[in-house]
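Student: with the input below, show me the fold.
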Amino acid sequence: MNYDVAVMNYPLFYKNTPEGAAQRLLSPLFHIDEGGPWETSLYIHIPFCGSLCDFCVYNRMLAPGNADLVEEFVTALIREIGIYAQSERIDASKIGAVFLGGGTPSALSARQLERILQALHRGFKLRGCEITVECNPLNATREKLTVLKDNGVTRVSAGVQSFRDPIRKKYHIARLSHTVERWLDMLRDFHFDDESIDLMYGFPGVDIDGLLQDVQHAVDMGMGHISLYKLVVFAYTKLYKDMAARQTERFPDAQSSFTMFQAAHRLLLSNGYALQSVQEYGKVGKNTRFWDATYDGFGDNVSMGVSSFGYLNGYCYQNAESVEEYIKALKNNLLPVERISPRITPEQLRERAVIMGFRKGRVLRKPFFDTFHIPIDALFEEPLRRLIESGLVQEDSEGYVLTEKGLYHQGSVSAELMISLFRGVSALRKRMCIGSHTMP
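Tutor: Numbering: from 1, shown residues only. This is a model prediction of the structure:
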């Protein structure tokens, strides 16, 4: 059974969040990760955009016309940063990477971006830290880029999606390609350590040659990092509603979509890029620390902002999906946690290391043994055997690596390794639980 949904975290959430559960995140430590200390990643979700793409599945709303709400959100976020900054757990951590995503952080004003970044520097030890901010050519002005540079941002990521203007117009992706390219030229004036763009495949009417032209164009522009995402149509998006109304769109079938991914993956590898995590490619020797720290399978992944997913002190959690509820909680000096998992068990801690590790494309024997003092082969012999037989995983001298098929179906690999959570649970119920990130 294939699982298209990305596995963002493990273990999964309670169906009904216990009252006061958010305080568990900052409670006295219940375990120390052996083999560490591991770098901690910090993600912040900014739920505002300058315009809305038809296919976007992320929690976002328009910034224009919502100035008061945006300002209230920024004030609430700074308060949330302050709460975490006072935590002993965070204070003892080494934060290696910060990522401001969304939404579109550059939809905020220059002053609002400055306030957030300054709050981060006040609250956490960020010397030598990698800091990434997602930007959109629509609103990432020279003034805002200057603020980012002056406040320690080291990477900028832009959701280009496609250089093909008919696609950009049809799906309401802001700005035409020549404007995007001019903006990328301007971005280079600031000499950030790295510049990244997102590309998508699977648009109706764009064949494999069209996709490869986009990828090659990004390579020729010298992008340090390229993210490659499959277009997935979810039921609540504008694209889904438009398709239902027109009933004329024809998306690539499963085999065609996989062939597109395979060709783009090989093109990137042949042009000096290395797979850093599923969907993420960086120039060889130039890793993004955020993906390393988030998907190493060990340590904490702190998350703030609306609807964000995190893992802290043995608990997975997700913040409130409503901007208003998020602000309300923080006005009362409460963490805005809406969903949380039970405390991770020792068995799930080992499963998590493998599940999250495969998000990076491979799991190594030595770090696993150094951390848990048990061979990975002994603990996961049966599921690894099944994954190898299915052509999703290969074994090598250092551990286990995803095949091209495994990279494309990484959700299915993760689902196979959630052993303790789904013993005796039917395949249908398991699929429903993973899709909603909730326990059986």
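Student: okay, strands next: where are they in the stretch 51-200 of the chain?
Tutor: 61-62, 94-102, 130-135, 155-161, 194-201 (DSSP state E, counting those that start in this stretch).
Student: of those strands, flag the one that's most buried.
Tutor: Of all the strands of the stretch 51-200 of the chain, strand 130-135 carries the top mean neighbour count, a mean of 26, counting by mean count of other C-beta atoms under 10 Å. No exception for glycine: its C-beta is placed from N, CA and C like everyone else's.
Student: and of the strands of the stretch 51-200 of the chain, who's closest to residue 321?
Tutor: strand 61-62 (11.3 Å; C-beta to C-beta).
Student: what's the mean pLDDT across the closest one?
Tutor: Strand 61-62 shows a mean pLDDT of 58.
Student: try stretch 155-169
Tutor: In this model, stretch 155-169 has a mean pLDDT of 91.
Student: also stretch 178-186?
Tutor: 94.
Student: ditto for stretch 339-353
Tutor: 93.
Student: now swap in stretch 217-227 and tell me
Tutor: 96.
Student: which residues touch that stretch?
Tutor: Under the contact criterion C-beta atoms under 8 Å, 6 or more residues apart in numbering, stretch 217-227 has outside partners 155, 157, 160, 163, 181, 184, 194-199, 215, 267-268, 271, 273, 276, 279-283, 286, 288.
Student: if we can go back for a sec, would you format the strands of the stretch 51-200 of the chain as a markdown table with distance to residue 391 included?
Tutor: Shown next, in a markdown table, are the strands of the stretch 51-200 of the chain (distance: least, C-beta to C-beta, whole Å):
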| stretch | distance to residue 391 |
| --- | --- |
| strand 61-62 | 42 |
| strand 94-102 | 33 |
| strand 130-135 | 34 |
| strand 155-161 | 30 |
| strand 194-201 | 21 |
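Student: of these, which is nearest residue 75?
Tutor: strand 94-102 (16.3 Å).
Student: list the helices and strands that closest one packs on?
Tutor: strand 39-46, strand 130-135, helix 289-294 (3 or more C-beta pairs under 8 Å, 6 or more residues apart in numbering; DSSP states H and E).
Student: extract the C-alpha trace of that strand and format it as PDB.
Tutor: The C-alpha trace of strand 94-102 is given here as PDB (Å, rounded to 0.1, in the frame of the first residue of the first chain):
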ATOM      1  CA  LYS A  94      22.900  23.600  20.500                       C
ATOM      2  CA  ILE A  95      20.600  25.200  17.800                       C
ATOM      3  CA  GLY A  96      22.400  24.500  14.600                       C
ATOM      4  CA  ALA A  97      19.800  25.800  12.100                       C
ATOM      5  CA  VAL A  98      16.700  28.000  12.000                       C
ATOM      6  CA  PHE A  99      14.200  28.000   9.100                       C
ATOM      7  CA  LEU A 100      11.500  30.600   8.600                       C
ATOM      8  CA  GLY A 101       8.900  29.100   6.200                       C
ATOM      9  CA  GLY A 102       5.300  29.400   5.400                       C
END
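Student: neighbouring strands for it, and are they parallel or not?
Tutor: Sheet pairing for strand 94-102, assigned by DSSP bridges, gives strand 39-46 (parallel), strand 130-135 (parallel).
Student: next, the angle strand 194-201 makes with the last one.
Tutor: Using axes from the mean of the first three to the mean of the last three C-alpha atoms, to 10 degrees, the inter-axis angle of strand 130-135 relative to strand 194-201 is 50 degrees.
Student: CA atoms only for strand 130-135, dumped as PDB, please.
Tutor: This file holds the C-alpha atoms of strand 130-135, laid out as PDB (Å, rounded to 0.1, in the frame of the first residue of the first chain):
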ATOM      1  CA  GLU A 130      22.500  28.700   9.700                       C
ATOM      2  CA  ILE A 131      19.400  30.800   9.300                       C
ATOM      3  CA  THR A 132      17.100  30.300   6.300                       C
ATOM      4  CA  VAL A 133      14.200  32.600   5.200                       C
ATOM      5  CA  GLU A 134      11.700  31.700   2.500                       C
ATOM      6  CA  CYS A 135      11.100  34.600   0.100                       C
END
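Student: quick one: the helices in the stretch 151-300 of the chain?
Tutor: Secondary structure of the stretch 151-300 of the chain (DSSP state H, counting those that start in this stretch): helices at 165-170, 177-188, 208-220, 238-246, 254-270, 289-294.
Student: with distance to residue 376 and mean neighbour count added, can I get those in CSV?
Tutor: Formatted as CSV, those follow (distance: least, C-beta to C-beta, whole Å; neighbours: other C-beta atoms under 10 Å):
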stretch, distance to residue 376, mean neighbour count
helix 165-170, 42, 15
helix 177-188, 41, 15
helix 208-220, 34, 17
helix 238-246, 40, 14
helix 254-270, 25, 16
helix 289-294, 19, 23
